[in-house]
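Novice: next come a sequence and a model predicted from it.
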Amino acid sequence: MREFLLQIVRHGGCLGLGLAAMGTQRTDVYEQLKYSLFQDDAVTGEAAGLAMGLVMLGSANEQAVSDMVNYARDTQHEKILRGLAQGIALNMYGQQDQADRLITELSEDKDAILRRAAMYTVAMAYCGTASTPAMKRLLHVAVSDVDNDVRRAAVEALGFLLFRSPEQMPSMVSLLSESYNPHVRYGAAMALGVACSGTGQKEALGLLEPLTNDPVNFVRQGALIASALVLIQQTESTCSKVKDFRQLYAKVIGDKHEDSIAKFGAILAQGIIDAGGRNMTISLQSRTGHTSMTSVVGMFVFTQFWYWFPLAHFLSMAFTPTCLIGLNSELKMPKMQFHSNAKPSTYGYPAPLEEKKKEVAEKVTAVLSITAKAKKKDDERKKKEQKDEKMEVDEEKEKKEKEEKEKEKEKEEKKKEEEKKKEEPAFDLLSNPARVMKAQLKVARMAEGSRYTPVKELSIGGIILMRDTKPEDSEELVQPVPALGPKTEEETEPDPPEPFRYVEDY
């Protein structure tokens with residue numbers, strides 16, 4: 001990092017080093033990042049401040065906190081201040097009461113960015129605890145601070161505190177989502193997205209839906225992103241509003257008159273809702289219910305894309321695959337089946353959106369006004385003749401016949417739709433390895449007559465070791481598939497032509 005002159009390269013180097021050494025608390029890496037910070041370059045310093053927090057993640061190292069706070073008070077660069085604010089919060093990850101002294105000190109500072117650092121520190125120190133004193137502090141700042149960014153950060157922090165009990169989140173931010181301040185409304189939307197991610201909660205979507213039509217562009221952006229976080233891996237069977245939100249994303253992206261800020265939110269939302277080929281979800285907890293440190297950090301840094309768009313890539317740290325993989329004693333995948341006691345459509349992949357066919361306008365031939373008038377007279381004369389010939393009784397009969405035919409067609413279509421629904425089986429057999437969503441794990445079990453029994457419950461999901469009840473029989477293993485899919489066989493090239501000599505005839 002010392003050799004490169006380009007600020008952008010040094011910025012990327014600091015972020016990469018911070019991620020590679022995340023949580024290691026290595027002093028040599030920390031000193032290297034500290035050296036980059038002290039160069040007082042705005043672009044490099046922003047990444048260095050964040051990376052220092054990543055390296056010292058959850059350590060509550062007093063020397064590191066002192067270095068960051070003192071330098072934040074000395075520097076004039078807002079970018080460096082922002083990076084250090086995030087770094088200070090990450091340093092105090094999971095410390096709870098031990099972070100109170102620092103939180104109080106920073107929340108009373110004159111600098112708005114350091115007050116914002118206090119809100120971030122509350123979010124990281126008390127993440128997943130639903131601490132009442134911490135929530136009271138955040139709610140007080142959300143309605144009393146004079147700086148919009150501090151208020152927004154305070155509301156966003158509520159999402160990190162309540163992700164273990166997402167059902168409490170809508171009632172907590174319902175009034176804040178109707179605030180006159182657009183920054184508070186944005187914070188409420190993102191807090192709902194963080195706390196209710198992957199749940200498909202109707203109450204959360206009920207608060208987010210009006211915000212997608214907010215007059216302020218960045219509030220619409222936050223609502224679109226948050227709705228995708230809530231709806232990730234939801235189907236129409238589990239959440240009826242999925243289709244409407246998908247259509248909304250496509251509409252906002254394709255609308256030429258839509259603001260670019262809201263459009264950016266719709267693009268991110270489209271990527272989030274289909275993340276990992278629809279094989280991943282967002283969860284700030286591990287499968288066993290413990291707080292996932294990497295997921296929390298990824299989600300926290302993702303929310304900072306407000307200031308620097310590339311930080312949105314940190315969201316990938318919060319993704320977890322929704323799978324069920326059975327392994328034998330040799331850690332190989334034997335062929336087996338899992339029984340899902342739900343209809344295939346309930347947890348299946350959503351149907352791809354159909355592209356509208358473009359209607360080609362017919363070419364209209366030019367007609368002279370004289371010929372048009374003559375035709376009109378002929379048509380009127382013919383109609384009069386037809387009316388005289390036909391009787392009123394015949395017309396009524398024709399109308400009745402048409403109505404009866406239309407009713408019969410509608411009945412036939414309804415019957416076909418009902419038959420299709422009836423044809424769907426009440427269960428599904430999944431082959432190992434299987435895509436099994438979190439809610440689907442509750443109805444998953446081993447198929448009847450299977451020679452394998454799980455060592456731990458299938459409801460945990462993920463990779464599960466299997467006990468073979470018939471070890472004397474030969475095992476049939478799942479054949480590994482090459483990366484990037486099957487390769488097409490190359491056709492044999494034709495032989496090159498025989499050498500010849502070209503002679504010009506004069």
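Specialist: On my side now, so go ahead. Numbers count the residues shown, from 1 in each chain.
Novice: quick check: the gap between Val65 and Glu105.
Specialist: Distance of Val65 to Glu105, computed by CB to CB, to the nearest Å: 10 Å. Placement of C-beta: from N, CA and C, glycine included.
Novice: neighbour count: those two, which is higher?
Specialist: Val65 (20 against 12; other CB atoms under 10 Å).
Novice: helices or strands up against whichever helix or strand that one is part of?
Specialist: Element membership for Val65, per DSSP states H and E: helix 62-74. Counting contacts by 3 or more CB pairs under 8 Å, 6 or more residues apart in numbering; DSSP states H and E, helix 62-74 is packed against helix 27-37, helix 42-55, helix 78-91, helix 112-125.
Novice: export those to a markdown table and append columns for mean pLDDT and mean neighbour count.
Specialist: Formatted as a markdown table, these follow (pLDDT from 0 to 100; neighbours: other CB atoms under 10 Å):
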| stretch | mean pLDDT | mean neighbour count |
| --- | --- | --- |
| helix 27-37 | 87 | 19 |
| helix 42-55 | 89 | 28 |
| helix 78-91 | 90 | 26 |
| helix 112-125 | 91 | 26 |
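Novice: and Gly198, which of those helices is closest to it?
Specialist: helix 112-125 (19.2 Å; CB to CB).
Novice: which residues of the stretch 351-500 of the chain fall in helices?
Specialist: Ranges of helices in the stretch 351-500 of the chain, per DSSP state H, counting those that start in this stretch, are 369-389, 392-423.
Novice: that should have said the stretch 201-350 of the chain, apologies.
Specialist: Under DSSP H, counting those that start in this stretch, the stretch 201-350 of the chain gives helices at 202-211, 217-231, 242-254, 260-273, 275-278, 293-302, 344-347.
Novice: Asp111: which of these is closest?
Specialist: Nearest of those (CB to CB): helix 293-302, 20.7 Å.
Novice: run the chain-centre distance for that closest one.
Specialist: Its chain's C-alpha centre and that of helix 293-302 lie 13 Å apart, by CA atoms, centre = their mean, to the nearest Å.
Novice: any idea how far Val72 lies from His183?
Specialist: Actually, residue 72 is Ala rather than Val. Taken as CB to CB, the span from Ala72 to His183 is 22 Å.
Novice: before we move on, what about Leu37?
Specialist: Leu37 is 28 Å from His183, by CB to CB.
Novice: go on, Leu268?
Specialist: 19 Å.
Novice: next: Asp100.
Specialist: Separation of Asp100 from His183 (CB to CB) stands at 26 Å.
Novice: kindly report the same for Lys402.
Specialist: For Lys402 relative to His183 (CB to CB), the value is 60 Å.
Novice: what of Pro133?
Specialist: Counting by CB to CB - Pro133 and His183 are separated by 24 Å.
Novice: in terms of neighbours, single out the busier of those two.
Specialist: For the pair Pro133 and His183, the greater number of neighbours falls to His183 (22 against 11), based on other CB under 10 Å.
Novice: contacting residues for the more buried one?
Specialist: Each residue near His183 by CB atoms under 8 Å, 6 or more residues apart in numbering is listed here: 148-149, 151-152.
Novice: tell me the helices and strands packed up against whatever helix or strand Arg152 lives in.
Specialist: Following DSSP H and E, one finds Arg152 within helix 148-161. Helix 148-161 sits against helix 112-125, helix 132-144, helix 169-173, helix 182-195, helix 293-302, with contacts defined as 3+ CB pairs under 8 Å, 6+ apart.
Novice: between helix 112-125 and it, find me the angle.
Specialist: 0 degrees (axes from the mean of the first three to the mean of the last three CA atoms, to 10 degrees).
Novice: only alpha carbons, please: show stretch 19-34 as CSV.
Specialist: Extracted in CSV, the C-alpha atoms of stretch 19-34 (Å, rounded to 0.1, in the frame of the first residue of the first chain):
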residue,chain,number,x,y,z
LEU,A,19,-11.4,-8.0,5.5
ALA,A,20,-8.6,-10.5,5.3
ALA,A,21,-7.5,-9.9,8.9
MET,A,22,-11.0,-9.3,10.3
GLY,A,23,-11.2,-10.0,14.0
THR,A,24,-7.6,-11.2,14.2
GLN,A,25,-6.5,-8.2,16.3
ARG,A,26,-3.0,-8.4,14.7
THR,A,27,-0.9,-5.4,15.8
ASP,A,28,1.3,-5.5,12.6
VAL,A,29,-1.7,-5.2,10.3
TYR,A,30,-3.2,-2.5,12.6
GLU,A,31,0.0,-0.4,12.5
GLN,A,32,0.2,-0.7,8.7
LEU,A,33,-3.4,0.7,8.5
LYS,A,34,-2.6,3.3,11.1
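Novice: now what about that stretch, what contacts it?
Specialist: Residues contacting stretch 19-34 (CB under 8 Å, 6+ apart): 1, 14, 17-18, 48, 51-52, 54-59, 61, 64, 67, 293-294, 297.
Novice: surely Asn432 touches Glu475?
Specialist: No. Asn432 is beyond contact range of Glu475, at 11.9 Å (criterion: CB atoms under 8 Å).
Novice: quick check: neighbours shared by these two?
Specialist: Pro334.
Novice: of those two, who's got more company?
Specialist: Shown here are Asn432 and Glu475; by other CB under 10 Å, Asn432 has more neighbours (19 against 15).
Novice: quick check: phi and psi at that one.
Specialist: According to degrees, to the nearest 10, the main-chain angles of Asn432 amount to phi -80, psi 130.
Novice: residues in contact with it?
Specialist: By CB under 8 Å, 6+ apart, the contact set of Asn432 is 324-326, 333-338, 478.
Novice: same check, this time on Ala117
Specialist: By CB under 8 Å, 6+ apart, Ala117 lies in contact with 72, 84-86, 88-89, 106.
Novice: where in this protein is the helix or strand with the lowest mean pLDDT?
Specialist: Counting by mean pLDDT, DSSP states H and E, the chain has its least confident helix or strand at helix 392-423, which shows a mean of 67.
Novice: pull out the buried positions in stretch 264-272.
Specialist: Neighbour-count burial for stretch 264-272, with 16 or more other CB atoms under 10 Å as criterion, is recorded at 264-270, 272.
Novice: any idea how the chain splits into domains?
Specialist: 168-321, 323-349+424-480 (automatic domain parsing).
Novice: nearest the geometric middle of this protein, what residue?
Specialist: Nearest residue to the geometric centre of the chain (CA atoms, centre = their mean): Ile272, 2.5 Å.
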